[in-house]
Structures are given as C-alpha cells and as structure tokens.
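Q: any chance you could fold what I've pasted below:
(2 chains)
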Amino acid sequence: EAGVVQSPRYKIIEKKQPVAFWCNPISGHNTLYWYRQNLGQGPELLIRYENEEAVDDSQLPKDRFSAERLKGVDSTLKIQPAELGDSAVYLCASSLDLPGPHRGGANVLTFGAGSRLTVL
Amino acid sequence: AQKVTQAQTEISVVEKEDVTLDCVYETRDTTYYLFWYKQPPSGELVFLIRRNSFDEQNEISGRYSWNFQKSTSSFNFTITASQVVDSAVYFCALSEGGDSNYQLIWGAGTKLIIKP
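A: Numbering: from 1, shown residues only, chains lettered A, B, ... in the order given. Now for the predicted structure:
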C-alpha cells in the first residue's frame, strides 16, 4: 500500500513568489494534517482536516497561507507570497480517526517525506 | 500547560553501544498519550510507539525498549546494540486524551548519530 505521497520534494523560489504543495494521504484516512518543521525543531501544526472540512486552522497564517482538501482526499497547501521565513519542510500526515472518548488524542499519524522549501 | 522536553540535542555513540534517549513531559490531565517517532535523513517521520497514561508497563520491541515512569513524568527510549541504521532524529510527543483533542505537542528532537 502506498504511503502518504507529497510533491514536490524540493522547491526553491524567490521571495514574493507563490508556491504550492500537494499531498495524497493514505487511502481511507479521514483526517489530514499539514505541519511545518523548521530546522532542529519538532513539527508545528498548520491545519487539520476531517474529510473535506478544515476543523483546526488556528495556526495557519491566513494572510498568505491557504489550503484545500477537495472531495476529502488529496490536499493542497499554498503560500502566496512567500517570505524568507517560510523556508522550512512542509509535512503532510494522515490518520484514521479512532472511535471512543479519546478520539483524536490516540491517533497514530502516518507522514509523507515532506516538501523542503527554500525561499531566496 | 503541556510540554515535552528532550534535553539531549545530539548523541553520538559507536555502533553496538546501548543508548538512551530521554523524554520528560508535563501535563495536568490524567489521561494522555505519549509517542515516539523516528525521522531518518530521508525526512519521513515514522511512528515507533504509543503509550497511554494508564499503562505503565515497559515495552520491548527487538532492540528497542521504552521505560514509562509517571512518577518522574518520563518516557525514555533505549536502543540496545545500536546500528548505523538507527541514525536519525527521534521525537517524543504528547497528546491529552480529552474528547476530540488532536493537539500533539512535540519535543525538539534528539539527533542520534551511530558511528561504525
């Protein structure tokens, strides 16, 4: 079974240019996450989808970042315009929601290989 | 407040040595989950283990073992007879088990270098 697929793996752009990242999650996983990981740090959640609905986008810088998950399957994360500080690895992950009172907290995430963005 | 501390930024050992990666967490909840993920140079975070707060049994999986101690709020990870392929960044993470709580708090990671 294919894992979480992300593209592109690497992207180098000039500041103020737009960039988009694509993610195809594990088949059947209803929850999709976009994380940003800066060098030497743990991942930071940008947005979480349950099916096609963005249920947590509190950490997404909405002035320049946008995301969509049409039809509740694959997802696109866009930055426009990019800034120098956006250089990071953008990770996509998916999980199958577990039923019960601890829904969410117990989820095991499957990650893609990430998209490394360099803004010059 | 939730917090995960991995005090060891980088550890370097020679192959076949045992190595322990420390993880200390803070939470006010009685129900929570702890995770370890591995991030090899390829970049993909790989799930290693999940432990819930009600299960303090230590776990062993091959050369990997985990020591969960609620008394010291620690969830340490030991690799026995380390191998070069174990070289990676290892992350400890915490989530609280409340209904529909998806917030996952990550440590800063420990970079493990295994020298041949």
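Q: okay, and the beta partners of the closest residue to chain A within chain B?
A: Each residue of chain B has a distance to chain A, by Cβ to the nearest Cβ, and the smallest belongs to B:W106, at 3.0 Å. Where you see a C-beta, it was placed from the backbone N, CA and C, and this is true even at glycine. Here B:W106 sits in beta bridges with B:A93, going by DSSP bridges.
Q: direction included, what does the helix or strand bottoming out on mean pLDDT in chain B pair up with?
A: Across the helices and strands of chain B, mean confidence by mean pLDDT, DSSP states H and E is lowest for strand B:59-61: a mean of 89. Note on strand B:59-61: by DSSP bridges, its sheet partners are strand B:64-69 (antiparallel).
Q: hang on, the earlier thing: what number of residues lie near the residue of chain B closest to chain A?
A: Residues near B:W106, counting by other Cβ atoms under 10 Å in any protein chain shown, number 21.
Q: enumerate the residues of chain B near chain A.
A: Proximity of chain B to chain A (Cβ under 8 Å from any Cβ of the partner chain) is limited to residues B:4, B:9, B:31-33, B:35, B:37, B:42-47, B:50, B:52, B:91, B:93, B:95-104, B:106-109.
Q: which outside residues touch the least confident helix or strand of chain B?
A: By Cβ atoms under 8 Å, 6 or more residues apart in numbering or on different chains, the list of residues contacting strand B:59-61 from outside reads B:49, B:51, B:65-66.
Q: so, low pLDDT: which residues of chain B?
A: Along chain B, the parts satisfying pLDDT under 70 run over B:97-101.
Q: just the strands in it please.
A: Read by DSSP state E, chain B holds these strands, from start to end of the chain: B:3-5, B:10-14, B:19-21, B:24-26, B:32-39, B:46-52, B:59-61, B:64-69, B:74-79, B:88-96, B:104-106, B:110-115.
Q: surely A:Y33 and A:N107 touch.
A: No - using Cβ atoms under 8 Å, A:Y33 makes no contact with A:N107, being 9.4 Å away.
Q: list the residues that contact both of those two?
A: A:S95.
Q: OK, now which residue of chain A is nearest to chain B?
A: Distance from chain B to each residue of chain A (Cβ to the nearest Cβ) is smallest for A:G42, at 3.0 Å.
Q: one step back: just the buried members of the residues of chain B next to chain A?
A: The neighbour-count criterion (16 or more other Cβ atoms under 10 Å in any protein chain shown) marks B:4, B:31-33, B:35, B:37, B:43-45, B:47, B:50, B:91, B:93, B:95-97, B:101-102, B:104, B:106-109 among the residues of chain B next to chain A as buried.
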